[in-house]
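>>> Provided below for reference: sequence and predicted model.
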Amino acid sequence: MNGLGDKFDRWQAQFAEWATAVFGPALKSVFQPIDGWLQPVYMPWARVLALSLFIGAMIWVWTLRVEYVNVDRPNTKWYTDLRVWTVLCMLPHIIVYLVF
Amino acid sequence: MDQTQSLEWIDMAIILIYMIGVLVLGSFFGKYVKTGADFFLGGRALPFWAIGMSIVVSDIGAIDFIGVAGGTYDTGIAVANFDWMGSMPAMVFAAFFFIPYYWRSGVYTIPEFLGRRYNPAVQTLHAAIWGVFLFVNTSLALWVTAEKFLQDVLGWNVYASVWAIAIIVGIYTFSGGLTAEVMTDVVQMILMYVGGIALVILALYEVGPGLVDKVRGMPPKAVVTVTSTAPVDEAWIRSAAAGGGFTLKSVTQYGDPAAAGPHEFALRFDDPLVTPEMSVADREQAWRESEVKLEKVLTAALPAGEGNSVEASLRGFQNHFTILLPHSTSTAFPWTGIVFGLGIVMSTAYMSGNQSVVQRAFGARSEWHAKSGMLFAGFLKSFIPLMVAFPGLCAVVLLPDIESGDDAVPGLMRMLLPPGLRGLMFAAMFAALMATMSSALNSACTIWTTDLYGLPYRLIKRRELSQRHVLNAGRGFTVAFVILAAALAEWIGDNESLYVFLQTALSMFQGPVFAILLLGIMWKRATQWGGLAGLILGVCFTTILNNVDGLFPSDDPFLFVSWWSFVFSLAVTIIVSLITPAEPEEKIRGLVFGQVMKDGEIQRVLQTRSED
């Protein structure tokens, strides 16, 4: 660690001390209740939320206008439909989050 | 990396052939570069497969090979969330939400898009942080490549190596611009995948059937650092631990036992507090309790003396195949942070707002190729955890006594790869570093040319840069940055704080930039002052969150910070936009979701605007 690094670390420590003193009480009154609320959340809900991110993205693409999704498409074969690509790309992830 | 000294002539030949091949291939594309658009956007002729492969390579560096495998060794597959949860949903959102607007507006950079949607202040602020970060990243990648690979592997002089790589990357980037970079990335990606998959297959073969059971069956490992004025050895550790009820199965001492200073040991024992029926959260809690108890027991056994101390860090392996860890986890990957911070904010901000990533999509030959390139990249990235995380898991079984998780991949390479394949693997890691460097260099030049040089030029001279001028400026910045990056490489490489500071500064922008990008496209009422306030106050809020202790349960709460900074910036942008005058319809035409326009029309709008 050279002089510049030491100086930076000192500034950061001083800033952290000041920020904790000034903003800490107000921020803790907001974030700690949220934290307390999240602690007991049943773990399978985590899996449901994670899967919903993948499935939701897939569904969202299918709700878009097909002309918008496939604009400039080279041909009309099924394998150039980007909605199909989206599903194929998402499936391995859905399996991973279901299994693990 | 002493294991690298065992490279044979065939390994070195592979590395040299790779370097020469990349130089020749990259330079070949120089004959197609005639304008600024050719240089920075590959003449807008890139196919989806090249875009996808290039995005993966510019995103994955040699650091991932070492660091992610190390993270998986220590924490388990939760680390792989960064390439699964942190990739595909964001890629889909980027492909169908952001990319069409970037692509249709014909911009070269994200800051340029922000400048058009909001104002030059937003553009300059965003460009400045990315411009500096990408330059430092170029220089750092240069130093790491020279020091860790050419010096340690081939025994070359480090300074000569810095200039040799700078010249190779500089020549093909100067000559072929984005096209050269993307096409060399294609070769580099194939090399990375061949090397990575070979290592995984050999590691899995060596472990044999039942990887999951073998990893979960490993006894907990405590790494203990003892600082003592009295002699400390294995016998002392065993006796002290036994006094506290710990029956050690094995003790490994790192470093020289006779050397002065702190002594480090790895201890293995059956933990009576942990049972297979326990939940993931309860197991973590039990490990924390054992860690505290072990530290107390060893400290009590130390003779009294100034500076005598014990630090223990304990981890178990039964949660290593749990991808979503509880909110209370002490690791950096609680499920709440992973889903909200990573899945929604950080990954989308990265895939939609990182110049190195989206510049390839800007260069697509059509909007379909831009979108499909992003999807293809997401698909390819799905396999990255197999290559970088599985070696870490295999190392838990094959190399149980390594000092640090970061030693997992080098250790496996030394243990498993035969000559030839070892050279290929080193070439793959070398390729990853070269790709990181060339990508950062090209993107830095694009931002400096377009936003930090082109914007003031346009404001002062009241006219756009000509295509020829853009090309010359881009090449000028390339030469200047290559020389500067090489000259400053050692200083930047040795000055870890500078890089950490810039990375922290960049991460502070992620949430706020994503908020204003999202609102800028989704909500036509978002105003320039709303965007500026959202960006500046969002960065200030992030700085405060990063520095106030005890706000979040995780030891490293960057995922929570990114989520809350995003929410805060979103709120600020909405409030300030509502109290400031709406933007004229003409200014935001074609830049807001719902105003889907054909290319020709939007180009005419942009042309008229630039002439005003």
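Perfect, thanks for sending it.

>>> Relative to the whole chain's centre, how far out is the longest helix that chain B contains?
In chain B, with assignment by DSSP state H, the single longest helix is helix B:158-207. With C-alpha atoms, centre = their mean, to the nearest Å as the basis, helix B:158-207 stands 16 Å off its chain's centre.

>>> Equivalent analysis for stretch B:51-60, please.
Between the centre of stretch B:51-60 and the centre of its chain there are 12 Å (C-alpha atoms, centre = their mean).

>>> next one: stretch B:74-93
The offset between the C-alpha centroid of stretch B:74-93 and the centroid of the whole chain comes to 12 Å, using C-alpha atoms, centre = their mean.

>>> mind showing which ranges of chain A have poor pLDDT?
A:1-5 (pLDDT under 70).

>>> same question but for the stretch 51-200 of chain B, I mixed them up
Residues of the stretch 51-200 of chain B meeting the criterion pLDDT under 70: B:61-63, B:148-149, B:152-154.

>>> all helices for it, in order.
Listed in chain order, the helices of the stretch 51-200 of chain B (DSSP state H, counting those that start in this stretch) span B:62-75, B:88-93, B:99-105, B:110-117, B:120-144, B:158-207.

>>> after the longest helix of chain B, next one along is what?
helix B:211-216 (DSSP states H and E).

>>> Excluding its own residues, what touches the helix or strand following that following helix? List them.
Scanning the chain past helix B:211-216 towards its C-terminal end, the next helix or strand to appear is strand B:221-227 (assignment: DSSP H and E). Under the criterion C-beta atoms under 8 Å, 6 or more residues apart in numbering or on different chains, residues B:232, B:237, B:261-269, B:290-291, B:294, B:298, B:302, B:307-317, B:400, B:403 lie in contact with strand B:221-227. All C-beta spots, glycine's among them, are computed from the backbone N, C-alpha and C.

>>> quick one, domains of chain A?
Per the record's domain assignment (automatic domain parsing), chain A is made up of the domains A:1-30, A:41-100.

>>> Just read off the phi/psi values of residue B:414.
The main-chain torsion angles of residue B:414 are listed as degrees, to the nearest 10 and equal phi -70, psi -30.

>>> State the pLDDT value of it.
Turning to residue B:414, the model gives it a pLDDT of 81.

>>> I'd like the domains of chain A as CSV, with distance to residue B:383 and mean neighbour count appended.
CSV is the format used below for the domains of chain A (distance: least, C-beta to C-beta, whole Å; neighbours: other C-beta atoms under 10 Å in any protein chain shown):
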stretch, distance to residue B:383, mean neighbour count
domain A:1-30, 38, 13
domain A:41-100, 9, 15
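
>>> List the contacts of the residue sitting nearest the centre point of chain A.
Taking C-alpha atoms, centre = their mean as the criterion, residue A:53 is the residue nearest the geometric centre of chain A, at 8.6 Å. Residues near residue A:53 by C-beta under 8 Å, 6+ apart: B:85, B:89, B:339, B:343, B:344.

>>> again, but for residue B:23
Contacts of residue B:23 (C-beta under 8 Å, 6+ apart): B:168, B:171, B:172.

>>> which among these end up buried?
For those, burial is judged from neighbour counts taken by 16 or more other C-beta atoms under 10 Å in any protein chain shown, and it is met by B:168, B:171, B:172.

>>> Now render the contacts of residue A:53 as a markdown table, adding neighbour count and distance to chain A.
Listed next are the contacts of residue A:53 as a markdown table, based on neighbours: other C-beta atoms under 10 Å in any protein chain shown; distance: C-beta to the nearest C-beta, whole Å:
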| residue | neighbour count | distance to chain A |
| --- | --- | --- |
| B:85 | 26 | 6 |
| B:89 | 26 | 5 |
| B:339 | 21 | 5 |
| B:343 | 27 | 5 |
| B:344 | 19 | 7 |
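
>>> Include distance to residue B:122 when you put the residues you listed into TSV, please.
Below are the contacts of residue A:53 laid out as TSV (distance: C-beta to C-beta, whole Å):
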residue	distance to residue B:122
B:85	29
B:89	26
B:339	29
B:343	26
B:344	22
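
>>> For residue B:566, which of the helices of the stretch 51-200 of chain B is the nearest?
helix B:88-93 (13.2 Å; C-beta to C-beta).

>>> And the nearest residue to residue B:78 once chain neighbours are set aside, what's its pLDDT?
Counting by C-beta to C-beta, 6 or more residues apart in numbering or on different chains, residue B:333 is the residue found nearest to residue B:78 once chain neighbours are left out, at 4.3 Å. Residue B:333 is assigned 84 on the pLDDT scale.

>>> was I right about residue B:333 contacting residue B:326?
No - with contact defined as C-beta atoms under 8 Å, residue B:333 does not reach residue B:326; the gap is 10.2 Å.

>>> ok so, going back, which one of the domains of chain A lies nearest to residue B:550?
Of all those, it is domain A:1-30 that lies closest to residue B:550, at 6.8 Å by C-beta to C-beta.

>>> gap between the closest one and the chain center?
Relative to the centre of its chain, domain A:1-30 is centred 27 Å away, using C-alpha atoms, centre = their mean.

>>> if we can go back for a sec, export the contacts of residue B:23 to TSV and tack on distance to chain A?
Written out in TSV, the entries for these read as follows (distance: C-beta to the nearest C-beta, whole Å):
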residue	distance to chain A
B:168	30
B:171	33
B:172	29
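
>>> Regarding chain A, what is its longest helix?
Selection of the longest helix in chain A by residue count, based on DSSP H, yields helix A:3-38.
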